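>>> what's the 3D shape of this:
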Amino acid sequence: QVPLVESGGGLVQAGGSLRLSCANSGRTFSTYAMGWFRQAPGKEREFVAAIRWSGGSTNYADSVKGRFTIYRDSAKKTMDLQMNSLKPEDTAVYYCAAATYYRDNYYSTYEYDYWGQGTQVTVSS
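Sure thing, here's the model as predicted:
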């Protein structure tokens with residue numbers, strides 16, 4: 001059973017918006033932070049945004065600052081990524097991830113312990 005499940009991907013024109021959601025599939029674990037990563041064909045998986053479960057502080061990659069917003073619902077253990085002003089270079093498979101330990105930062109894939117299977121986002125020019 002995949003620990004996390006993403007939804008909300010799809011095809012959108014440049015300048016459009018999409019909202020991705022990530023939910024816990026039912027596995028019980030402590031959550032210190034959750035994040036979004038993306039991977040385009042032929043490229044490494046890269047950090048997009050992260051949110052600490054306690055306090056709700058957020059971090060964003062420079063490439064998405066001002067366009068993407070990450071949200072979390074602590075009670076439901078869900079996380080969303082609102083993506084506005086989408087560009088063709090945002091095209092990728094988007095993955096949500098959960099970190100079950102405290103760390104100083106949550107920018108790297110190895111800082112996360114559970115992952116979803118990914119959802120495709122395609123932005124046409």
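
>>> give the closest residue to the residue most central in space within the chain in space, chain neighbours not counted.
The centroid of the chain falls nearest to Trp36 when counting by C-alpha atoms, centre = their mean (2.0 Å). Once flanking residues are discounted, Trp36 sits nearest to Val48: 4.2 Å by C-beta to C-beta, 6 or more residues apart in numbering. Placement of C-beta: from N, CA and C, glycine included.

>>> shaky segments in the chain?
1 (pLDDT under 70).

>>> mind running it again at 80?
Where the chain drops to pLDDT under 80, the residues are 1-2, 26-29.

>>> circling back: tell me how far the residue nearest to Trp36 lies from Tyr95.
9 Å (C-beta to C-beta, to the nearest Å).

>>> now do Leu11
Taking C-beta to C-beta, one finds Leu11 at 18 Å from Tyr95.

>>> who's more crowded, these two?
For Leu11 versus Tyr95, the count of surrounding residues by other C-beta atoms under 10 Å is larger for Tyr95: 23 against 12.

>>> touching, that one and Glu46? I think so.
No. Checked against C-beta atoms under 8 Å, the pair Tyr95 and Glu46 is beyond contact range at 10.3 Å.
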